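Q: Sharing a model prediction with you, sequence too.
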Amino acid sequence: MAINIQKAGYNFSHPSACYSQSFPVTIFDNVDMILNSAITVTYTTAHIAHYFKSLVSRVIDECYLTASPTKMISNTSFNTIVGMGENVIPLLIEQLDFTPMCWIPALNLITKTNPIKEENQGIVSNMVNDWKKWAIDNGYTNK
């Protein structure tokens, strides 16, 4: 994992691996007396994908056999995925082929949209196809 922290003219980095793409995640640190404000940590897309897969496993282990949307939406790992934002949309679209009912709510929460046509409500395969079409139309995937 390559981590790069920048704040107020200071540049801290720890390149334990090299990848070609990364995106920033902002962390607010209210207790650090030296920095005392937001710092930016850059995680590589490979690290995010690995972390995402571990969270997916936890959500499935903890929630998949329950029929409770409330339990899933209140699950810590599920909320961590949602908190990762639009960076994980392509990964969620891929997961729709395996456990769609876990990830349609996550996509709704992240995108704040529902591309599922009214006539497709409740027909899981059609709901998945509507999300895949939305992802293509919005540049998140080309499949």
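A: It's in.

Q: All the helices of this structure, residue numbers only.
A: 45-63, 69-73, 76-83, 89-95, 100-111, 124-137 (DSSP state H).

Q: In terms of mean pLDDT, which of these ranks lowest?
A: Lowest mean pLDDT of the helices of the chain: helix 69-73, a mean of 82.

Q: Against residue 65, how distant is residue 110?
A: 24 Å (Cβ to Cβ, to the nearest Å). (Each C-beta comes from the backbone N, C-alpha and C, glycine too.)

Q: er, residue 138 actually
A: 32 Å.

Q: These two: which is more packed in?
A: Shown here are residue 138 and residue 65; by other Cβ atoms under 10 Å, residue 138 has more neighbours (13 against 7).

Q: what sits against the closest residue to residue 62 other than its chain neighbours?
A: Leaving out its chain neighbours, the residue that sits closest to residue 62 by Cβ to Cβ, 6 or more residues apart in numbering is residue 75, at 5.8 Å. Contact analysis of residue 75 by Cβ atoms under 8 Å, 6 or more residues apart in numbering lists 58-59, 62-63.

Q: Now flag whichever of the residues you listed is closest to residue 88.
A: Closest approach to residue 88 among the contacts of residue 75 (Cβ to Cβ): residue 59, at 12.4 Å.

Q: Residue 71 is in contact with the closest one, correct?
A: No. Here residue 59 lies out of contact with residue 71, judged by Cβ atoms under 8 Å, at a distance of 10.4 Å.

Q: So between these two, which is more surrounded?
A: residue 59 (22 against 12).
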